[in-house]
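Engineer: Let's see this in three dimensions:
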Amino acid sequence: MRNEQQRAVITGGSGTLAREIASSLCMPGWQIERPPRNKLDVSDDIAVRKYFAGFPTDLLVCAAGITRDVPLLRLDQLAWDETWAVNFNGALSCAEAVLPSMIAQGRGHIVFISSHSAIHPPVGQAAYSTAKAALLGLTADLAARHGASNIRVNAVLPGFMDTRMTETVTETRRQQVLADHSMGRLNTCRETAAFIRFLHHELPHTSGQFFQLDSRPDFP
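Structural biologist: As a prediction, the model looks like this:
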């Protein structure tokens, strides 16, 4: 255990998952930040660079996300751009902002929150699913490129959870999702947060991996 204070930043800080991650990571020697959108708009590249400037980041968890669910033929350019600006470009901007300090200090960990939709996209989630799939490619690329600098990059696919993003899902759709789970129950934000804490502290040699956390047995 290093003596100096370490910094963890969880984007999308007003969300349920970000709150649980921050709570799970809270321990002596750590500065935990979970900025909401009005403090860190990940779709604003200049704001991202300003936020991360001046203080090294040891752990970055990119949890900011939005959905604009509509069939592709009815999906307008603005909705596509907004979805990509947060789910992929925002995560990329944050990673680019923290990597120089991670390289300089010889350590760091980036965790991208992807989605089961990245590998099995449901109807009407073209923009969200594509952006979350792109995060998996980014994970593999950055992990391979920066592993020699002792920087880890992993992706976590929590599965369907009860969050603000999913609260508008119909009960019929919720039951359909539940039926796909071999254990007949859903993952939770608290358990996902506990896994991220374990991944960071207990698996120091693990990088470039995709972790699906629910019980759907269809990961390729």
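Engineer: Return the set of buried residues in whichever strand or helix holds L138.
Structural biologist: Per DSSP states H and E: L138 is located in helix 126-146. For helix 126-146, a neighbour-count test (16 or more other C-beta atoms under 10 Å) marks 126-136, 138-140, 142-143, 146 as buried. In this view, the C-beta of every residue, glycine as well, is placed from N, C-alpha and C.
Engineer: Please apply the same query to stretch 100-116.
Structural biologist: Neighbour count says stretch 100-116 has 101-102, 105, 107-116 buried, by 16+ other C-beta under 10 Å.
Engineer: Which members of those residues occur in helices, if any?
Structural biologist: Judged by DSSP state H, the buried residues of stretch 100-116 include 101-102, 105 as members of helices.
Engineer: Out of these, the closest to Q176 would be?
Structural biologist: Nearest to Q176 out of those is M102 (C-beta to C-beta; 40.8 Å).
Engineer: hang on, the closest one packs against R152?
Structural biologist: No: assessed by C-beta atoms under 8 Å, M102 is found out of contact with R152, at 9.6 Å.
Engineer: so what's in contact with those two at the same time?
Structural biologist: Listed as contacting both M102 and R152 by C-beta atoms under 8 Å, 6 or more residues apart in numbering are G108.
Engineer: ranges for the strands of the protein?
Structural biologist: 6-10, 30-33, 59-62, 108-113, 151-157, 210-212 (DSSP state E).
Engineer: Indicate which one of those strands is closest to N89.
Structural biologist: Going by C-beta to C-beta, the one of these nearest N89 is strand 59-62, 11.0 Å.
Engineer: hey, where'd the helices end up in this structure?
Structural biologist: Using DSSP H, helices in the chain cover 16-25, 45-52, 77-84, 91-105, 126-146, 171-179, 189-202.
Engineer: low-confidence ranges in this structure?
Structural biologist: Confidence mapping of the chain against pLDDT under 70 gives the ranges 1-3, 73, 162-169, 218-220.
Engineer: could the strands of the chain go into a markdown table alongside distance to I46?
Structural biologist: What follows is the strands of the chain, written out as a markdown table (distance: least, C-beta to C-beta, whole Å):
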| stretch | distance to I46 |
| --- | --- |
| strand 6-10 | 17 |
| strand 30-33 | 19 |
| strand 59-62 | 18 |
| strand 108-113 | 20 |
| strand 151-157 | 24 |
| strand 210-212 | 31 |
